[in-house]
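J.: generate coordinates for the sequence data below:
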Amino acid sequence: MEEVSAAMTVDARGRVTGWSDGARRLTGYRADEVVGRAARELLARDLPDGPPSGTAAVVHRDGRTVLLRLRSCPLLGADGAPLGHAVTAQPEAPGHGLIEEAVRQASLSMAVLDPELRFLHVNETTCRMLGRTARELIGRGLPETLGRTGSGRGSFVHHLRLAAERGLPVQYETYSPAPAGTRPHAWTVEIWPVHDASGDLTAVAVAALESTEQHRARERLDLLGAAGAVGSTLDVVRTAEELVGLLVPRFAGFATVDLLDWTLGTDEPLAASTEDGELRRAAHAFAQEGFPTPAVHLGGREVYPPYAPPARAMREGRVVLGGPGDPDFDRWMRTRAAEAPHNRAFREAVCSVLCVPLRARGTTLGVALAARTAPREPFAPEDAVLAEELVGRAAVSVDNARRFARERSTALEIQRSLLPRGLPGQAAVEVAHRYLPSASAVGIGGDWFDVIPLSGTRVALVVGDVVGHGIPSTATMGRLCTAVRTLADVDLPPDELLTHLDDLVTHLAAVGETDDGDRGEIAELGATCLYAVYDPVSRRLSLAAAGHPAPAILLPDGTARLVPVSAGPPLGVGGLPFEATELELPEGSVVALYTDGLVEDREPDRDLDHATAELCRALAAPAASLDALCDGVLKAVLPEEPADDVALLLARTRALGEDRIRTWDVHPDPAHVAATRRSVMEQLTAWGLDETAFVTELVVSELVTNAIRYGEPPIQLRLIRHTALICEVSDASSTSPHLRRAHAYDEGGRGLLLVAQLTQRWGSRQTDTGKTIWAEQPLPAR
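T.: Residues are numbered from 1 along each chain as shown. Below you'll find the predicted structure:
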């Protein structure tokens, strides 16, 4: 047993009835000075109700404090009724006073509570946190002191009870308002049980370190990290919405982004000063539901008076803080109250606003406003620095989105000007087409198509795709489109045309390279192309591909299939041949040419064979018209969000009957020219085209005579009647004629000039057996 240093007895009413000499030596009080007094009068701090026990601070007779360890034993009468207590006391270990002073002055909040969560000891930091003195707290229950602040699962009281009931230490972090204030504070709390020598739980000790600044620093770092998600799309409004979503609720209770009107379009910044520009509400959000509707709706016009913080932020190009008590802020709130009386509750709750201009590349794009409401603390200078960083990053994304929209609009306008708008009527095919620009962030691609009328009622069908996106690819597309039209005018076979086109692309790429092999700003000039020629007289389709997907064909019997075409190398590879494919089509067949955006996708699970099979099934589906078939194919095959541009060209073939064509074999003798002319006149009469006889006779006479004189047999004359009257003369010579200026005394050289003057157009084309010279004249109006 411990050696007893002092003893006293206390009756049931808490009055001292006995006092030992050891008690006198420890406290300085004689027995006659203590007996009859309440025992609590000797204590520096109250103990919990009941018998004195535990560590007690006793006031010495000379005024100093003496720490004693008290033990209490009940005293019972003969009948078992309580008579009081016998209390023994022993001085605390040497140095305990120093320890108590250290605890009292600690910056940590420290407290000791009994198992029933009543305060036994508190230091000064705990008193400041709870807003009470030590005398008010000692012996008082913690739940009573905290009230609702500490109730609920996961609360401070909950963790204390866990430590008391389980006898195990608990550590946790909390962010909540302190009982003595309304602003949230962060705390790292350590709770551990205190056991006596026998292992029984005698108390629960608490140490809480305030980490509010560290917590807020982590919040700022988290916000900066989350700012990387702002600008995930190249869309101005979406970027504004992401900025507002970042600020609310972690940084502010309410936030808005207002942009200058021109930033929502594709125009360049206005020359007028930014404070005179009209603002549009791009995004806003509240942290709590139930707040009144903002005075300005999304997309609505916002006008800030010059003295308002947002206007000042834009005008001065810096962060502006404001709040109640600031004359400009109060004046602005009064103006708002007159404009939107229903927002009075919100305005009264605002404790601070922070306005940051959205600036990028030296240009003001708009302004972001963040507001805090009670009980959150007003914005501090470090909040202004953080907000400037967050809004600055968002401003760069808004500017990038605006520039992308402008580039996209420019590229789309260029592309629309190059693509055929109204395809000319011709005899060979009926056409329908669709072009869908990509909506993805990569920009407009270089997809294109064309329908080119050729001589002899033939038609060229073209579809191509340039590597890359944006204006460079669109410009390259324009070059290739023009080149194909030029080569088509020469009337080259498909494989030869692609060979010349490949040489052109290779040359353009070589011109764009610098000395060190870098192409700099020149876009990659790789491209794919499919060129097809259909002849409605022979009903034959000849085509060749340069790295392009094979076309699909829908036959009149309703079956659809892909055409087995040699894909060939893409344009720009150079040095590799292209192979032509030729097939005969029944009248009414539908040829489908398309770019890879229709059947290919960047998703790894997108199967190309499955997509082409879907294309064939979609072509075979019933449709009221060729335009309806176009829409049906896109709906059935196209992914919900295509990652690339899509061009689709459908052509339904026609055939010219024998009643529209007449062919003669010409004897290679000038004496037979007259007989040929007579046969042609008879045919014109049969067709009811006597009005064209004069011009046709001159054209036939000149072309046939030239073929006899300068060409090689066999010679053939063909007339084709459709939307125009076409005269063709073919021979076995590959030498093409050309116009020349005849001098005054020349006997020849004027024939082709006469043909060019009398007809709508004329030309020559190479054939497998030689050449064909043709001339076309309009038919009389009926």
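J.: Gly300: neighbour count?
T.: 12 (other Cβ atoms under 10 Å). In short, each C-beta sits where N, CA and C put it, glycine included.
J.: OK, contacts around it?
T.: Contact analysis of Gly300 by Cβ atoms under 8 Å, 6 or more residues apart in numbering lists Arg280, Arg281.
J.: what are the phi and psi angles of it?
T.: When read as degrees, to the nearest 10, the backbone of Gly300 gives phi -80, psi 170.
J.: distance of it relative to Leu243?
T.: 18 Å (Cβ to Cβ, to the nearest Å).
J.: just Pro670 next, same as before
T.: Applying Cβ to Cβ, the value for Pro670 to Leu243 is 86 Å.
J.: remind me which helix or strand Val398 belongs to.
T.: If you go by DSSP states H and E, Val398 is part of helix 381-418.
J.: one more: Ala226?
T.: Short version, using DSSP H and E: Ala226 is in helix 212-226.
J.: what comes into contact with that helix?
T.: Helix 212-226 is contacted by residues Tyr175, Pro184, His185, Ala186, Leu246, Arg250, Phe251, Glu382, Leu386, Glu389, Leu390 when judged by Cβ under 8 Å, 6+ apart.
J.: show me what counts as buried in it.
T.: His215, Arg216, Arg220, Leu223 (16 or more other Cβ atoms under 10 Å).
J.: just the strands in the stretch 251-400 of the chain please.
T.: For the stretch 251-400 of the chain, the strands defined by DSSP state E, counting those that start in this stretch occupy 254-260, 279-286, 301-302, 320-322, 350-360, 363-373.
J.: closest to Gly751 out of these?
T.: strand 363-373 (66.6 Å; Cβ to Cβ).
J.: and that closest one, what does it pack against?
T.: Using 3 or more Cβ pairs under 8 Å, 6 or more residues apart in numbering; DSSP states H and E as the contact test, the elements touching strand 363-373 are helix 236-247, strand 254-260, strand 279-286, helix 309-316, strand 350-360, helix 381-418.
J.: of these, which stretch is the most buried?
T.: strand 254-260 (a mean of 26; mean count of other Cβ atoms under 10 Å).
J.: separation between Val204 and Pro737?
T.: In terms of Cβ to Cβ, Val204 sits 112 Å off from Pro737.
J.: of the two, who's got more company?
T.: Neighbour count, other Cβ under 10 Å: between Val204 and Pro737, Val204 has more, with 27 against 19.
J.: and Glu165, how far from Ile191?
T.: From Glu165 to Ile191 the distance is 12 Å (Cβ to Cβ).
J.: what of Leu758?
T.: 108 Å.
J.: do Val296 as well
T.: Distance from Val296 to Ile191, by Cβ to Cβ: 50 Å.
J.: what about Glu658, how many neighbours?
T.: Around Glu658 there are 8 residues (other Cβ under 10 Å).
J.: same question for the one 10 residues further on.
T.: Using other Cβ under 10 Å, Pro668 is surrounded by 15 other residues.
J.: what's the separation between Ala252 and Leu209?
T.: 28 Å.
J.: the two: which is more packed in?
T.: Ala252 (27 against 16).
J.: continuing past the helix or strand hosting Ile726, what's the next helix or strand?
T.: Assigned by DSSP H and E, Ile726 falls within strand 724-731. Remark: after strand 724-731, the chain's next helix or strand is helix 751-758, criterion DSSP H and E.
J.: which neighbouring elements make contact with that next one?
T.: Contacts defined by 3+ Cβ pairs under 8 Å, 6+ apart place helix 751-758 against helix 693-710, strand 761-767.
J.: so which of these is the most packed in?
T.: Taking mean count of other Cβ under 10 Å, helix 693-710 is the most buried of these, at a mean of 19.
J.: tell me how far that helix lies from the chain's centre.
T.: 67 Å (Cα atoms, centre = their mean, to the nearest Å).
J.: name the residues that touch whatever helix or strand Leu209 lives in?
T.: Using DSSP H and E, Leu209 falls within strand 201-210. For strand 201-210, contacts defined as Cβ under 8 Å, 6+ apart pick out 54, 108-115, 117, 120, 129, 160, 163-164, 167, 185-196.
J.: likewise stretch 33-41?
T.: By Cβ under 8 Å, 6+ apart, the residues outside stretch 33-41 that reach it are 8, 10, 14-19, 23, 27, 42, 46-47, 52, 61, 87.
J.: out of these, name the ones that lie in strands.
T.: Judged by DSSP state E, the subset of the contacts of stretch 33-41 located in strands is Met8, Val10, Val16, Thr17, Gly18, Trp19, Val87.
J.: what is the burial count for the fourth one?
T.: Going back to what we said before, that points to Thr17. Other residues close to Thr17 by other Cβ under 10 Å number 18.
J.: before we move on, what about Gly253?
T.: Gly253 sits with 23 neighbouring residues when counted by other Cβ under 10 Å.
J.: residues in contact with it?
T.: Each residue near Gly253 by Cβ under 8 Å, 6+ apart is listed here: Phe286, Ala287, Gln288, Ala371, Arg372, Thr373, Arg376.
J.: Gln105: what's it in contact with?
T.: By Cβ under 8 Å, 6+ apart, the contact list for Gln105 reads Asn123, Glu124.
J.: separation between it and Gly362?
T.: 55 Å.
J.: cool, and Gln90?
T.: As judged by Cβ to Cβ, Gln90 and Gly362 stand 79 Å apart.
J.: give me the more crowded residue out of the two.
T.: Shown here are Gln90 and Gly362; by other Cβ under 10 Å, Gln90 has more neighbours (16 against 7).
J.: bridging residues for the more buried one?
T.: Going by DSSP bridges, Gln90 is paired in beta bridges with Arg69.
J.: and the residue nearest the centre of the chain, what's its pLDDT?
T.: Nearest residue to the geometric centre of the chain (Cα atoms, centre = their mean): Thr233, 2.1 Å. pLDDT recorded at Thr233 is 80.
J.: check Ser438 too.
T.: At Ser438, the pLDDT value in this model is 69.
J.: Arg40 too?
T.: With respect to pLDDT, Arg40 has a value of 80.
J.: try Pro453
T.: 90.
J.: just checking, it touches Gln426?
T.: Yes. Using Cβ atoms under 8 Å, Pro453 is in contact with Gln426, at 4.9 Å.
J.: if we can go back for a sec, lowest-confidence member of the buried residues of helix 212-226, which is it?
T.: His215 (73).
J.: from Ser736, how far off is that one?
T.: Counting by Cβ to Cβ - His215 and Ser736 are separated by 86 Å.
J.: so between Val296 and Ile191, which is more surrounded?
T.: Ile191 (23 against 18).
J.: make sure I have this right: that one is in a strand.
T.: Yes. When DSSP: H, G, I helix; E, B strand; the rest coil is applied, Ile191 is found to be in a strand.
J.: so it makes contact with Gln171?
T.: Yes. Using Cβ under 8 Å as the test, Ile191 is close enough to Gln171 to be in contact (7.4 Å).
J.: rewinding a little: just flag the most distant two among the contacts of Gly253.
T.: Farthest apart among the contacts of Gly253 by Cβ to Cβ are Phe286 and Arg376. That separation is 13.5 Å.
J.: count the neighbours of Gly446 for me.
T.: Neighbours around Gly446, by other Cβ under 10 Å: 30.
J.: for the residue nearest to it when sequence neighbours are not counted, name its beta-bridge partners.
T.: Distances taken as Cβ to Cβ, 6 or more residues apart in numbering put Val466 closest to Gly446, at 2.7 Å, once the chain neighbours are dropped. Counting by DSSP bridges, Val466 is bridged to Gly446, Ala527.
J.: I'd like the ones in strands among the contacts of stretch 33-41 as a markdown table, with pLDDT and distance to Arg654 appended.
T.: Below are these laid out as a markdown table (pLDDT from 0 to 100; distance: Cβ to Cβ, whole Å):
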| residue | pLDDT | distance to Arg654 |
| --- | --- | --- |
| Met8 | 89 | 124 |
| Val10 | 88 | 121 |
| Val16 | 90 | 125 |
| Thr17 | 91 | 128 |
| Gly18 | 91 | 129 |
| Trp19 | 91 | 128 |
| Val87 | 87 | 120 |
